[in-house]
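> need a 3D model of the sequence below.
(one chain, ligands or ions: 1)
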Amino acid sequence: MNSFEYVDDLGPEKVIEITDPKAGLRAILVVDNTACGPALGGCRMAPDVSLDECFRLARAMTFKNAAAGLPHGGGKSVIFGDPKMEGIRKEALIRSFARAIGEVKSYITGPDMGTDETAMAWVRDEIGRSVGLPREIGGVPLDEIGATGRGLAVAADVAEAAMGIPLAGARVAVQGYGAVGKWAAHFLAERGAVLVAASDSRGAVHAPGGLDLEVLNAAKAEGRSVAEAGPALEMDIVGVDCDILVPAARPDVIRADNVEDIKARLILEGANIPASFEAEQRLHERGILVAPDFIANAGGVICASVEYHGGSETDAVKAITERISSNMEELLERVARKNVFPRNVAMAMARERVTAAMSYRR
Ligand code: NAD
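Numbering: from 1, shown residues only. Sure thing, here's the model as predicted:
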């Protein structure tokens, strides 16, 4: 698809294709909308990223940042490459990418799938601008404090209070046991929930009586798959028997062809756009509550914004809890009042804020 074909009333403002043959760099930057402030959004590295994925993720950031009430617009960048490539090559690639976006002052990058705090330190070293930095250089390390996973658990708290979905004893399945997924499992376990299934790109593990998070975390820390840490799951994790499903890996994993398989009562969207629009509509009809990505997984970006504006780890935890609970409360109240499905309500909430910000512009 041609990049102009994505343009609507909100954006994108800029689409930049970046190459550096010497470093082997191929990347795309989408600055979607900056009415609320400079665009904030992560940099994803994967072999199969695309302009379409980048644009949709950038738009999701516009909505997420506006929904969270942050003084930031939305943008996203993608780098084509295997994130597990040799460290020295990865550093060269990220540094080359950083120099290329240096002049695009309307975009602040952060970590996403395939990039981390170290990568953001390289970007900051090159151009003096990035978020999600290591603690030693003033960062509030969002993956280290589990910012996004914490926010998902806060969204679950609100669902528990408003919809009577109990967390104590709830059986949780996490697709994508990475930075987001493992912390979601951790904070839900603190509330008495039990992780019964987890997956990563290499396989999945299943124990209806509960998995030991320490064993899974040790496997991941040693570079092994969760699949090596217990009995294998013999089916797609999306349809596993559980109360709470946390898709925390890739987009489009819940679709028309598997939506009927879902057994969970609550879906906490850790990943960005993990479900299709139609699938979310169907989940609503089936009485399954979806906490939409840009409301529920905003913990990371709230933390990044607090860091960018000079706040501390304590400020970040407070902001995540306050903003995600008040947004989820407003969302569920509107869902109940209007009987529309959550994504439509969330989009209306975000759109109202972006449009209001745009009205102040020339
Ligand atoms: P990560 O790289 O730390 O973890 C991703 C995990 O997903 C890994 O364990 C990987 O093996 C697994 N995975 C990849 N493909 C898979 C597949 N097909 N099936 C099952 N597992 C698979 O990344 P992350 O930071 O945890 O991000 C995960 C998702 O959450 C992404 O969609 C990201 O955009 C989104 N997100 C992240 C943050 C954040 O704070 N890190 C914030 C908001 C949204």
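
> burial check on the closest residue to the ligand within the stretch 251-362 of the chain, number of neighbours?
In the stretch 251-362 of the chain, no residue comes nearer to the ligand than G300, which is 2.7 Å away by C-beta to the nearest ligand atom. Where C-beta positions appear, they are placed from N, C-alpha and C, glycine not excepted. Residues near G300, counting by other C-beta atoms under 10 Å, number 28.

> tell me the pLDDT of E144.
We note a pLDDT of 85 for E144 in this prediction.

> isn't there a helix covering it?
No. Read with DSSP: H, G, I helix; E, B strand; the rest coil, E144 is coil and lies in no helix.

> report how many residues lie close to the residue in the stretch 51-200 of the chain that the ligand sits nearest to.
Across the stretch 51-200 of the chain, the shortest distance to the ligand (C-beta to the nearest ligand atom) belongs to G178, at 1.8 Å. The tally of other residues near G178 (other C-beta under 10 Å) stands at 19.

> who's in contact with it?
Going by C-beta atoms under 8 Å, 6 or more residues apart in numbering, G178 touches M113, D200, K220, A248, A249.

> circling back: which element is the residue of the stretch 251-362 of the chain closest to the ligand on?
In this assignment (DSSP states H and E), G300 forms part of helix 299-308.

> list, one by one, the residues from the stretch 151-300 of the chain near the ligand.
175-181, 199-201, 248-250, 270-272, 297, 300 (C-beta under 6 Å from any ligand atom).

> wait, the residue of the stretch 251-362 of the chain closest to the ligand touches G146, no?
No. With contact defined as C-beta atoms under 8 Å, G300 does not reach G146; the gap is 9.5 Å.

> can you show me the helices along the stretch 51-200 of the chain?
Taking DSSP state H, counting those that start in this stretch as the criterion, the stretch 51-200 of the chain carries its helices at 51-67, 87-101, 117-127, 147-163, 179-190.

> now those in a markdown table, with mean pLDDT, distance to A356 and mean neighbour count?
Output for these, formatted as a markdown table (pLDDT from 0 to 100; distance: least, C-beta to C-beta, whole Å; neighbours: other C-beta atoms under 10 Å):
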| stretch | mean pLDDT | distance to A356 | mean neighbour count |
| --- | --- | --- | --- |
| helix 51-67 | 93 | 9 | 25 |
| helix 87-101 | 97 | 28 | 19 |
| helix 117-127 | 96 | 31 | 20 |
| helix 147-163 | 95 | 24 | 24 |
| helix 179-190 | 97 | 30 | 23 |
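
> to G138, which of the ones you listed lies closest?
G138 lies closest to helix 117-127 among these, at 9.1 Å (C-beta to C-beta).

> does anything pack onto that closest one? Which helices or strands?
Judged by 3 or more C-beta pairs under 8 Å, 6 or more residues apart in numbering; DSSP states H and E, helix 117-127 is in contact with helix 87-101, strand 107-111.

> mind running it again at 6 Å?
If you count contacts as 3 or more C-beta pairs under 6 Å, 6 or more residues apart in numbering; DSSP states H and E, helix 117-127 packs onto helix 87-101.

> angle of the helix it packs on against helix 117-127?
50 degrees (axes from the mean of the first three to the mean of the last three C-alpha atoms, to 10 degrees).
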